[in-house]
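Asker: Need coordinates for the below:
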Amino acid sequence: MTVKHSTKVLLAVLCTALFVTACAGDPNRKTKIGAGVGAVLGGLTGSQLGDESGTNVAIGAALGALAGGATGRYMDNQQQELNEKLAAEQARDVLDITRLDSDALKIGVASDASFAVDSSTLSQNAQSTFNKIANVLKDYEKTAIHVVGHTDSTGSEQHNLELSQKRAQSVAGFLTGRGVDSQRVLTWGRGESEPIASNDTEAGRAENRRVDIVIKPIVEGQEKQAFSEPPNLGS
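Answerer: Numbering: from 1, shown residues only. You can find the predicted model right below:
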């Protein structure tokens, strides 16, 4: 077994065990879905890492980490490149790019521009957009990538939850298929629980149907934070 392969296996096992422990005590687990680490676990997605120092060492060894003082500039450069490569999409209101706390970035992509109604298959136009995103993400390897699916409130809560997860998985699968390291990618389904607009109007429901890509820096000594579940992304 090669060192690279053994590191991936160690990371996968650690993340799986810690995710199961975290979910067992999560009172909100019925309103969101998440599991495992990217394609390392054959499609399991999302993770919540504990405080164990061994976990931090494994992640740092597998992916590398930023020195704390270099984080801001690293994320500034990534945001600038995303803005340049995705200027046309932003002009058409297909997506927006914002800065979150702790130097994280969020790319919010409208689901109506990416998927047909009740579908989790990426449209051809969406593939072009996500290909641009993948090309930037590949160049900034010291980040964890959380793909978070959202829906409006039309339909049952359970159906929306499952659809949001399938769409997040579809986007994550596309990114890893374009060369983004699967160890970096986690997915979450939030269903209808985090609206950014009113579900009482069609325009509001369209805003709520989205996929967010949250990009967290992997900082030396704080690696677990990069892989912890993103905060509530609603308004």
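Asker: The chain: strands as residue ranges?
Answerer: In the chain, the strands defined using DSSP state E lie at 33-34, 95-99, 105-110, 143-150, 185-189, 210-217.
Asker: pLDDT (mean, whole number) over the second one?
Answerer: Per-residue pLDDT over strand 95-99 has a mean of 97.
Asker: Now do the buried residues in it.
Answerer: Within strand 95-99, the residues scored as buried using 16 or more other Cβ atoms under 10 Å are 95, 97. In short, each C-beta sits where N, CA and C put it, glycine included.
Asker: Not counting it itself, show me its contacts.
Answerer: Outside of strand 95-99, the residues within contact range by Cβ atoms under 8 Å, 6 or more residues apart in numbering are 75, 79, 82-83, 86, 89-90, 105-110, 113, 129.
Asker: okay, stretch 210-225 in CSV with CA atoms only?
Answerer: In CSV, the C-alpha atoms belonging to stretch 210-225 read as follows (Å, rounded to 0.1, in the frame of the first residue of the first chain):
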residue,chain,number,x,y,z
ARG,A,210,-29.7,27.1,-4.8
VAL,A,211,-26.4,25.3,-4.2
ASP,A,212,-23.8,27.0,-2.0
ILE,A,213,-20.1,26.1,-2.3
VAL,A,214,-18.4,27.1,1.0
ILE,A,215,-14.6,27.2,0.7
LYS,A,216,-12.7,27.0,4.0
PRO,A,217,-9.0,27.5,4.4
ILE,A,218,-7.0,24.6,6.0
VAL,A,219,-4.9,26.4,8.6
GLU,A,220,-2.0,24.7,10.4
GLY,A,221,-3.1,23.6,13.9
GLN,A,222,-6.8,24.3,13.1
GLU,A,223,-7.3,21.7,10.4
LYS,A,224,-10.5,20.3,11.9
GLN,A,225,-12.3,23.7,11.6
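Asker: Can you give me the buried ones in that stretch?
Answerer: 210-219, 222-225.
Asker: related to what we said a few turns ago, quickly, which of the strands of the chain bottoms out on average pLDDT?
Answerer: The weakest mean pLDDT among the strands of the chain belongs to strand 33-34, with a mean of 56.
Asker: Tell me which helix or strand in the protein has the weakest average pLDDT.
Answerer: Least confident helix or strand of the chain, by mean pLDDT, DSSP states H and E, is helix 3-24 with a mean of 43.
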